[in-house]
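**Q** Here you go, sequence then predicted model.
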Amino acid sequence: MRFILIAAVLTLSACVATEQTPDPSNPEVSETPADGASTQTAVRTSKGRPKARRPLSEIRLIGQSKRGLTQLLGVPSFKRRDPPAEIWRYRDQTCLLDFYLYPFKQAGTGAPVKVSFVEARTPRGPSTPVATCLKTIHGKFIARKTS
């Protein structure tokens with residue numbers, strides 16, 4: 001009986017799709033968080049015209065450099081350095097979006113820091129969905145940038 005149960009579990013686990021990390025160099029790939037909230041960023045062709053729109057998601061932010069994060073969201077309202085980490089905070093009336101940047105282990109000492117973790121919360125402290133806060137913060141940045 002135990003053998004049949006193990007065989008059934010292994011058979012069913014083979015049917016489960018694996019999650020793939022999106023390729024940031026492919027502008028055609030669309031990332032949408034599980035709650036469906038996303039924001040769009042334009043990808044430019046070599047001639048400067050918009051080529052495609054990519055949703056901005058937590059997945060896409062992991063691994064971003066400081067420069068990449070600034071290009072996507074602007075200058076943070078707060079920065080703190082606690083070696084080897086840096087914490088960048090973006091603020092809105094409804095939420096706070098914290099980015100934790102660390103050197104990647106493969107890069108060694110003195111390596112540039114990249115986003116390793118993202119956390120969102122309300123100004124009073126409780127957690128809030130990252131996708132919702134990201135959409136708000138990114139929307140504010142785009143509005144300032146285009147006005």
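**A** Right, received. Where do you want to start? From a predicted model like this one, the values you see are computed outputs, not experimental measurements.

**Q** Confirm T132 sits in a strand?
**A** No: read with DSSP: H, G, I helix; E, B strand; the rest coil, T132 is helix and lies in no strand.

**Q** tally of neighbours for it?
**A** T132: 15 surrounding residues under other CB atoms under 10 Å. Where you see a C-beta, it was placed from the backbone N, CA and C, and this is true even at glycine.

**Q** Tell me how far it lies from K66.
**A** 24 Å (CB to CB, to the nearest Å).

**Q** Likewise for K145?
**A** According to CB to CB, K145 and K66 sit 18 Å apart.

**Q** The two: who's more crowded?
**A** Neighbours per residue, other CB under 10 Å: of K145 and K66, the larger number sits with K66, 17 against 8.

**Q** Return the residues in contact with the more buried one.
**A** Taking CB atoms under 8 Å, 6 or more residues apart in numbering, we find K66 in contact with E86, W88, L101, P112, V113.
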